[in-house]
Every structure is written in C-alpha cells, then in structure tokens.
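Peer 1: Okay, sequence plus prediction incoming.
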Amino acid sequence: MTRFLLDTNLLLGFTRKASWAIRARAEFNLGDPETMVFTSIICQGEILALAEKNGWGSNRRTHLEQILKEVPTLDISKRTILGAYARIDAWTHGKPVTSPQNAPPPKPAVPMQQNDLWIAATAHVSGAALLSTDTDFRHLDSVWFRFIHISQEDHLLQE
C-alpha cells in the first residue's frame, strides 16, 4: 500500500481546485482505496491560520472543512515523532546524529522552519512519501523519507 503525507500547500491546492493539485490527485491515485493519504496536524493548523489571515468567507471555509474531514490527520504528540523532530533538527544544523543509513548531515547546514520540521518528522515516522510544492524538504529526500516535489508553475510532477 502506498502512503502519502500531504503538505499544507496540497490541501490549499485542493481547496482552490488548482489544476496542478487535480493532476497530483490523479497521478498518485490519491482517491484510490489502495493509497493511504493523510496530513499532519501542523498542516491543518497552517491552513486554518491562512484562512483566518485572508478572511475566507463561509463557502470557502465549508469547502476547506470538507477537505480536512476527508484527509486523516496525524498528531505529533507520539514519542517517535518527537524524537524524529529532534534528530532531523540537529541533522539539518549539521550535527552528527543517528540518521537513516547513517547519512552524514548536510554541509553547509540547512536549518528549517519549525513547522516544516514537524511535517518532516511526521513523514519519516509514518513511512510516507511527502507531497509538497515546497522545495525546502529536498535535502531530506532519500535520507529521512521520500520527497516528491510538485511544481505549480509548469504543472509537471518532479521527484
């Protein structure tokens, strides 16, 4: 069974019915019962904050709530996710920590935003490939989890 963790920007794309999000849904069989699709509680918080900051109306919020109900959400309070967060954070800062395949940390260091660290830790622990339009996860690909970049500009999916 294939597992995908959707980043905030994918949820936003589904809310907007963006062509690149529709293509990603088809390309990765995100509606197929054999495909496990979920998101992080962090992504839910980010998109709800975006709706607040941008003053989304009731119709758009209702559509968002419908999408959020369809996508199971993983909590971050598991001890395994907390540990992965700590290791990925230290690793991206160039510190030698226990990492998958004992991969050396990036040189130079690639510090990440805290929300992205939580999302990365969730992808790692869940064993899911992370689908995102955000390239800030690229340096974690094939070490901590599989990262799949979805381009919004040319509507092409890139690994």
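Peer 2: Cool, got the structure.
Peer 1: and residue 149, helix, strand or coil?
Peer 2: Three-state call for residue 149 (DSSP: H, G, I helix; E, B strand; the rest coil): strand.
Peer 1: My guess is it contacts residue 136. True?
Peer 2: No: checked against C-beta atoms under 8 Å, the pair residue 149 and residue 136 is beyond contact range at 10.1 Å. Quick note: C-beta positions are derived from backbone N, CA and C, even for glycine.
Peer 1: how deep is residue 125 tucked in, by neighbour count?
Peer 2: Counted with other C-beta atoms under 10 Å, the neighbours of residue 125 add up to 20.
Peer 1: pLDDT weak spots in this structure?
Peer 2: Judged by pLDDT under 70, the chain has its weakly predicted residues at 154-159.
Peer 1: What segments of it are strands?
Peer 2: 2-6, 35-40, 73-74, 129-132, 147-150, 157-158 (DSSP state E).
Peer 1: now, of those, which is deepest in the fold?
Peer 2: Neighbour counts (mean count of other C-beta atoms under 10 Å) averaged over each of those peak at strand 129-132, with a mean of 24.
Peer 1: ok, that strand: who's next to it in the sheet?
Peer 2: strand 2-6 (parallel), strand 147-150 (parallel) (DSSP bridges).
Peer 1: contacting residues around that strand?
Peer 2: 2-7, 9-10, 24, 28, 119-120, 123, 137, 145-150 (C-beta atoms under 8 Å, 6 or more residues apart in numbering).
Peer 1: what's in contact with stretch 39-47?
Peer 2: For stretch 39-47, using C-beta under 8 Å, 6+ apart, the contacting residues are 5-8, 10-12, 15, 64, 68, 71-76, 115, 118-119, 122.
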